[in-house]
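**Q** dropping the sequence and predicted coords here.
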Number of protein chains: 2
Amino acid sequence: MDLYSEFPIQDLPKKTLLVQEGDRCLHSYFVIKGCIKSYVLDQTGKEHILQFAPENWMITDLHSLLYEVPATTYLETIEATTVRVVPSTLFSIKSSVSAEQLLIQNQKLLRNIAVAQKRLADVLGATSKQRYLNFLETYPGLAQRLPLKHIAAYIGVTPEYLSNIRRQLMEKP
Amino acid sequence: MDLYSEFPIQDLPKKTLLVQEGDRCLHSYFVIKGCIKSYVLDQTGKEHILQFAPENWMITDLHSLLYEVPATTYLETIEATTVRVVPSTLFSIKSSVSAEQLLIQNQKLLRNIAVAQKRLADVLGATSKQRYLNFLETYPGLAQRLPLKHIAAYIGVTPEYLSNIRRQLMEKP
DNA sequence: CGCGTGATTGAAACCCTTCAAGTTTAGTGG
DNA sequence: CCACTAAACTTGAAGGGTTTCAATCACGCG
């Protein structure tokens, strides 16, 4: 059975804020049904979405969870969502740690860096149109489900301009 | 002692290509002296710098190294550089590494993550002027050492426009 | 039905790039 | 140490991509 099957299932209404900036993030969330977003707010209050977590994705503020520091991101449901709530104790280091535990910890950190590098390359190197196409590829079916403004906040343009991009793709596929 | 001290030191001339797209990345490089950049090329052939590694920084293509897939980034010296060449096997060693060494390794990875997360938030949420100021903060002294075009490729503007930004900052600090 | 939220459209303004000089700086061989 | 050359930096004008603002349209839901 599932690695997480021992942990509790929870039903969350739309727009539930699971973690906000300054909170300690104590759980990671495995999405059974629905969708969660993680995002940051910039100095002008604008929202930038780092990741979506539809069915079978996992989401959390890993940095806050691992190092027991205040979160820098927000986690919020976009739809009514059913999750498994996995406690941070499954991940965290205790004060007395074995070399093996540290090695496992190192593996996790390395993977975290790898993911960040990949996303960074995408944001830096692709045009807004390409980033939209990458979004469609990364999250199949999500474009039909999500409000356009969320997708815009993910690829880094205004909703108005994403609307423009879509029209261009309709005319010239 | 340092976790890397057993690994060989190598002297590299300026503009040495350590890894290129399609290679398997089998090492990580700890910079003793000099500077290395990691970058990607977009579809128009333009260079986007993900990270600099001056003295005491470590650099590699983690995605390629960890998952044993072809690299998507390039690693290249900007100056004549002295490095320790750390084999990827280090990251799967089970024994003969002390907890203390692993803790030091953890610290380095933590800094790497912090930088990567900050950088992602930057690219998504900050203006080009702010990104330049963040570069100055992240890499003190590097602005005086590096050709401007590299800095421009890092913050994501043309060299001409970075020149413009600098002038604005001179006039209105 | 009517209302609020989200999507589209258009115009003006802004940020940034491109292109094309011109100027300065740095590297190299004599 | 100088002279020469290539590379790097600056500057300006024109143009494209993107945002902002404002108005309009479409639709799901009480």
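**A** Cool, got the structure.

**Q** list the residues that contact the residue in chain A that chain B sits nearest to.
**A** Residue nearest to chain B within chain A: A:Asp42 (3.2 Å; C-beta to the nearest C-beta). Yep, even glycine has a C-beta here, placed from its N, CA and C like the rest. Residues near A:Asp42 by C-beta atoms under 8 Å, 6 or more residues apart in numbering or on different chains: A:48, B:121, B:124-126.

**Q** mind running it again at 7 Å?
**A** A:48, B:125-126 (C-beta atoms under 7 Å, 6 or more residues apart in numbering or on different chains).

**Q** wait, which of these is closest to DNA strand C?
**A** DNA strand C has its nearest neighbour among these in B:Ala126, at 9.1 Å by C-beta to the nearest atom of the strand.

**Q** what about the spatially closest residue to A:Ile36 that is not a sequence neighbour, distance to A:Leu136?
**A** Spatial nearest neighbour of A:Ile36, excluding adjacent residues (C-beta to C-beta, 6 or more residues apart in numbering or on different chains): A:Ala53 at 4.5 Å. Separation of A:Ala53 from A:Leu136 (C-beta to C-beta, to the nearest Å): 17 Å.

**Q** let me know the next secondary structure element after the host helix or strand of A:Ala114.
**A** If you go by DSSP states H and E, A:Ala114 is part of helix A:99-125. Downstream of helix A:99-125, the first helix or strand assigned by DSSP H and E is helix A:128-138.

**Q** quickly list what the residue nearest to A:Leu124 when sequence neighbours are not counted is bridged to.
**A** With C-beta to C-beta, 6+ apart as the criterion, A:Leu124 has its nearest non-adjacent residue at 4.1 Å, and that residue is B:His48. Per DSSP bridges, the residues bridged to B:His48 are B:Val40.

**Q** pLDDT score assigned to B:His48?
**A** Note for B:His48: predicted pLDDT of 93.

**Q** try A:Val123
**A** In this model, A:Val123 carries a pLDDT of 86.

**Q** what's the burial count for it?
**A** Taking other C-beta atoms under 10 Å in any protein chain shown as the criterion, the count of residues near A:Val123 is 18.

**Q** what residues does chain A put near chain B?
**A** A:40, A:42, A:46, A:48, A:63, A:97, A:99, A:102-103, A:105-106, A:109-114, A:116-121, A:123-126, A:156 (C-beta under 7 Å from any C-beta of the partner chain).

**Q** show the buried residues in those.
**A** By neighbour count, with 16 or more other C-beta atoms under 10 Å in any protein chain shown, those hold A:40, A:48, A:63, A:99, A:102-103, A:105-106, A:109-110, A:112-114, A:116-117, A:119-121, A:123-126, A:156 as buried.

**Q** for chain A, which segments count as helices?
**A** A:62-67, A:99-125, A:128-138, A:148-155, A:159-171 (DSSP state H).

**Q** can I get the first one in PDB, CA atoms only?
**A** In other words, helix A:62-67. The C-alpha coordinates for helix A:62-67 follow below in PDB (Å, rounded to 0.1, in the frame of the first residue of the first chain):
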ATOM      1  CA  LEU A  62      10.600  22.300   2.500                       C
ATOM      2  CA  HIS A  63      13.000  24.900   3.800                       C
ATOM      3  CA  SER A  64      10.700  25.800   6.700                       C
ATOM      4  CA  LEU A  65       9.900  22.200   7.400                       C
ATOM      5  CA  LEU A  66      13.500  20.900   7.400                       C
ATOM      6  CA  TYR A  67      15.100  23.700   9.300                       C
END
